[in-house]
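> Sharing a model prediction with you, sequence too.
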Amino acid sequence: MKKLKSNFVNMVLVLSGIAIFAAFTLASVYSLTKKSIDNSRQNKQKEAIQAVLPAHDHFDSIPVEMNNGVETTKVYKAYDKNNLLVGAAVESSSNNGYKGHIDIIVGFNKDGIIINYSVLDQHETLGLGARMVDWFKTNKGKQNIRGKNASTANLNVSKDGGEIDAITAATITSRAFLFAVRNAYFEFKSNIIEPESELVIKTDSMQANQNDSTSTLNKIEMKGQNK
Amino acid sequence: MKDSASKVLLNGLMKENPIFVLILGICPTLATTTSALNGMCMGLATLFVLFGSNVAVSIVKNFIPDKVRIPAYIVVIATFVSVVEMLIHAYYPVIYESLGIFIPLIVVNCIVLGRAEAFAAKNTVFRSALDGLGMGLGFTFALTLLGTLRELLGTGKVFGNVIFPENYGALIFVLAPGAFIVLGYLIAIMNKLRKRTV
């Protein structure tokens, strides 16, 4: 069979035909895989929450959502058999990773001690920043954040005067990660340790500096001064 | 004169290996081969796309006017890549985690377009399928080898199994410069081997 001639009608018809066919293929594969993609996302989230919480009986499946204008933070409270609060898992994020957005979930017991964390979404460099997935869990030097009391520990990289060792050759990632951890603790504190007094401060700082990415930092500082 | 079917298949593995001989598609090669598993998965994903696009292009080659053949091929390839991405995301979420951002890059991997243009557009469906398979296997082989060496030299592991303690690994092999160094040595070794056999 001879090749079709490159005239205008042929070109338009063929390209449109191929595009329509491609669209149909993609649409059908999308609808086929959508369910398991959503499932795997949800499972991942659920497993992450389970993994970071202290020993518990059940947790809120619908979180308390907080939005400071830049980041959304979700707090999942966990209870024991007698419905007493044992701690919470806080989903928190930072936009200052080396390659953008980092989404983590941190578990605290009711005293604010970090039980565990899990990285939900990140695009950091493989072999460097991506090592945050287990770097801050490893008992080596000063890199472990588990067991630290988030209310007293200085959760900054040691370069910035904190007490946590940054990932080798990935300080930016480490800063972003620890920022998200501090942010998570901030929301944990405002929701669980002192829910009432927080409301006042929160509205103040929201009005003052709503869209600035430093607003969370400001809030943490204000919080500290207030205490 | 045409090569026999088996020759077409083996072509991609050794004589015209996409990485070691044609040196096509280096971007994803260097970026994804930080570990043996990543390299292998990237290779397999590319294998699937290469096979699919070669077959599809050779089927429709006569309906495509010459002037719009490149956009047409790109649409075909992009469709296959998106399908692969969705399938991996749905059924192998762990692999999707580590390869996520590189899978869409297969679209612009020149080995895929290169084979569509250089081979599939001129050959029968069967031979194009063999070529896609051979090239894909050659690509997978090269990426797995590169990933294994980099993982071993950088972290002391192969497919996550510890060979020697991580402290003795040279981090640079996991980073971009290590990729160039290892690839350079591999190409040199392959050239030597090829000269001997020819």
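On my side now, so go ahead.
> drop to CA atoms for contacts and neighbour counts, all remaining ones
Noted.
> B:Met86: what's it in contact with?
By CA atoms under 8 Å, 6 or more residues apart in numbering or on different chains, B:Met86 lies in contact with A:Val29, A:Tyr30, A:Thr33.
> List only buried entries from those.
Neighbour-count burial (16 or more other CA atoms under 10 Å in any protein chain shown) applied to the contacts of B:Met86 gives A:Val29, A:Tyr30, A:Thr33.
> The closest residue to A:Gln143 other than its chain neighbours - how many residues pack around it?
Excluding the flanking residues, the one nearest A:Gln143 by CA to CA, 6 or more residues apart in numbering or on different chains is A:Asp165, at 4.7 Å. If you count neighbours by other CA atoms under 10 Å in any protein chain shown, A:Asp165 ends up with 21.
> So A:Asp165 sits against A:Lys142, correct?
Yes - using CA atoms under 8 Å, A:Asp165 makes contact with A:Lys142 at a distance of 5.2 Å.
> that older thread, would you mind putting the buried ones among the contacts of B:Met86 into a markdown table with secondary structure and distance to A:Asn82 alongside?
Below are the buried ones among the contacts of B:Met86 laid out as a markdown table (DSSP: H, G, I helix; E, B strand; the rest coil; distance: CA to CA, whole Å):
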| residue | secondary structure | distance to A:Asn82 |
| --- | --- | --- |
| A:Val29 | helix | 46 |
| A:Tyr30 | helix | 44 |
| A:Thr33 | helix | 40 |
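> between the residues you listed, which is closest to A:Asp57?
Distance to A:Asp57, by CA to CA, is smallest for A:Thr33 among the buried ones among the contacts of B:Met86, at 32.8 Å.
> and that closest one, what is it in contact with?
Contact analysis of A:Thr33 by CA under 8 Å, 6+ apart lists B:Met86, B:Leu87, B:Ala90.
> tell me which element the last one is part of?
I take that to be B:Ala90. helix B:69-91 (DSSP states H and E).
> same deal with B:Leu10?
Using DSSP H and E, B:Leu10 falls in helix B:5-11.
> where's the residue nearest to B:Leu87 when sequence neighbours are not counted relative to B:Met86, distance?
Using CA to CA, 6+ apart and skipping the chain neighbours, the partner closest in space to B:Leu87 is A:Thr33 (6.6 Å). From A:Thr33 across to B:Met86, the span is 7 Å (CA to CA, to the nearest Å).
> so the residue nearest the centre of chain B, which of the three states?
Among the residues of chain B, the one closest to the centroid is B:Phe139, at 3.5 Å (CA atoms, centre = their mean). Following DSSP: H, G, I helix; E, B strand; the rest coil, we place B:Phe139 in the helix state.
> one step back: and the contacts of B:Met86 as TSV, adding distance to A:Leu85?
Formatted as TSV, these follow (distance: CA to CA, whole Å):
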residue	distance to A:Leu85
A:Val29	44
A:Tyr30	41
A:Thr33	38
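> Name the strands paired with the top strand by length along chain A and say parallel or antiparallel.
The residue-count maximum for a strand in chain A (DSSP state E) belongs to strand A:85-97. According to DSSP bridges, strand A:85-97 forms sheet pairs with strand A:72-79 (antiparallel), strand A:100-109 (antiparallel).
> now the residue nearest the centre of chain A, nearest residue through space, not along the chain?
For chain A, the residue nearest the mean C-alpha position is A:Asp103 (2.4 Å; CA atoms, centre = their mean). Using CA to CA, 6+ apart and skipping the chain neighbours, the partner closest in space to A:Asp103 is A:Ser93 (4.3 Å).
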